[in-house]
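Trainee: Sequence and predicted structure are below.
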Amino acid sequence: MLAALGVALVAVLAWVLGPGAAWVLEHFDGVRGLAGKDLAAALDAIRGRALAIATGLIALVAVYYTARNADTARQGHITDRYTKAIEQLGSDKLDIRLGGIYALERIARDSARDHPTVMEVLVTFVREHSRDAETDEAGEVRPRGPELRTDLQAALTVIGRRTVTHDIPHTRINLTGAHLAGANLIRAHLTDADLTGATLTSARLDRANLTGATLFGVNLTGANLFGATLANTRLEDASLDAAILTEANFTRAYLTDANLTRANLTGANLTEAFLARADLTDANLYRADFTGANLTDAVGWPPP
């Protein structure tokens, strides 16, 4: 397309610099009746205008090609960085895996176009490897520790602090079934995330944003959700035994059949929440707001 336009431009320019100048003078400028030096000066002026216009167009084309070539080179560089980071992520050495994780984060920050792909890679890495059996230096399987594996925590931190405006609309962070006991997700952005069946025992989710998230059957026993936002969150059949839910926002959240025994709900907002058959035995409900909440057949309600 641009090549055809270039050929057309050269043809028009050659015509204007030749016999076409007189035609332009008569039909575009409306000048007639000139002769001698006056006619020559007018034709030279038209040819000068044509050259100026052509020079400007050529400059624009040059700028376009320069920008396109620069973008191609930049994307090629990002692709090389991405390939190397993926290789690092598969290493059996922790420090190399950590390097790959943070390299992917830098790519996501540098390229909005690659941001969703990077996050999907990290989410998959966490979801799949969180189920790995932990082994000691001799390769023997050992019980899981109280804290999440270092590389998994690093990937989760990157996911939680990502630039959410670069996410593809209506896509979800998919951590279904992930084993994230002891994870640090303080202030994490997990809006609309899918954590169905995940294990988050003793996890830190202080002030995390879980608006609209799906947490069917999630295990949050002993987790800290102080000040977290869980409006419209699906928590049916979830375990929140002994969880810290102080000042958390559960507006219109679904907590049907949820286990809230011994949970601390001090100052929590449960306006219009669904708590049918939920177990509130020994829960601390001081200053909790249940305005408009559905507590049909809830155990431990009303409180003594």
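Mentor: Structure's in. What do you need? Since the model is a prediction, treat every value here as computed from it, not as a measurement.
Trainee: Tell me which helix or strand in this structure has the weakest average pLDDT.
Mentor: helix 2-17 (a mean of 59; mean pLDDT, DSSP states H and E).
Trainee: What's the mean pLDDT across stretch 279-298?
Mentor: The average pLDDT within stretch 279-298 is 97.
Trainee: What's the separation between the residue nearest to Ala276 when sequence neighbours are not counted and Ala278?
Mentor: Excluding its sequence neighbours, the residue lying closest to Ala276 (C-beta to C-beta, 6 or more residues apart in numbering) is Thr296, at 4.3 Å. Backbone N, C-alpha and C define where each C-beta goes, glycine included. Distance from Thr296 to Ala278, counting by C-beta to C-beta, to the nearest Å: 10 Å.
Trainee: okay, now His179: neighbour count?
Mentor: Counted with other C-beta atoms under 10 Å, the neighbours of His179 add up to 22.
Trainee: let me fix that: Glu128
Mentor: Neighbourhood size, Glu128 [other C-beta under 10 Å]: 11.
Trainee: now swap in Ile168 and tell me
Mentor: 11.
Trainee: you'd agree it is up against Pro116?
Mentor: Yes. Assessed by C-beta atoms under 8 Å, Ile168 is found in contact with Pro116 at 4.8 Å.
Trainee: so how far is stretch 191-207 from its chain's centroid?
Mentor: From the chain centre to the centre of stretch 191-207 is a distance of 17 Å (C-alpha atoms, centre = their mean, to the nearest Å).
Trainee: Mind listing residues that contact it?
Mentor: Stretch 191-207 has contacts (C-beta atoms under 8 Å, 6 or more residues apart in numbering) with 146, 164, 172-188, 209-229.
Trainee: Mind checking which of those residues are buried?
Mentor: 172-175, 177-186, 188, 209-229 (16 or more other C-beta atoms under 10 Å).
Trainee: where does Cys212 land in three-state SS?
Mentor: Check again: residue 212 is Gly, not Cys. Three-state assignment for Gly212 (DSSP: H, G, I helix; E, B strand; the rest coil): coil.
Trainee: swap that for Ala112, sorry
Mentor: Quick answer, by three-state DSSP: Ala112 is coil.
Trainee: how near is it to Arg172?
Mentor: 19 Å.
Trainee: What of Arg162?
Mentor: Arg162 is 13 Å from Arg172, by C-beta to C-beta.
Trainee: any common contacting residues for those two?
Mentor: If you check Arg162 and Arg172 against C-beta under 8 Å, 6+ apart, no residue is contacted by both.
Trainee: How about Leu190, nearest residue that isn't a chain neighbour?
Mentor: Leu190 sits nearest to Leu210 (C-beta to C-beta, 6+ apart), 5.0 Å away.
Trainee: Please apply the same query to Ala293.
Mentor: Closest to Ala293 by C-beta to C-beta, 6+ apart is Ala273, at 4.7 Å.
Trainee: wait, isn't that neighbour in contact with Leu255?
Mentor: Yes. With contacts counted by C-beta under 8 Å, Ala273 reaches Leu255, the gap being 6.0 Å.
Trainee: Go ahead and confirm the residue nearest to Leu190 touches Thr233.
Mentor: Yes. Using C-beta under 8 Å, Leu210 is in contact with Thr233, at 5.4 Å.
Trainee: where does the closest residue to Thr291 other than its chain neighbours fall, phi/psi-wise?
Mentor: Leaving aside its sequence neighbours, Thr291 sits nearest to Thr271 (C-beta to C-beta, 6+ apart; 4.9 Å). Here the main-chain torsion angles of Thr271 (degrees, to the nearest 10) amount to phi -60, psi 120.
Trainee: what sits against Thr271?
Mentor: 251-252, 289-293.
Trainee: Dump these into a markdown table; add secondary structure as well.
Mentor: Converted to a markdown table, the contacts of Thr271 look like this (three-state DSSP):
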| residue | secondary structure |
| --- | --- |
| Thr251 | coil |
| Arg252 | coil |
| Asp289 | strand |
| Phe290 | coil |
| Thr291 | coil |
| Gly292 | coil |
| Ala293 | coil |
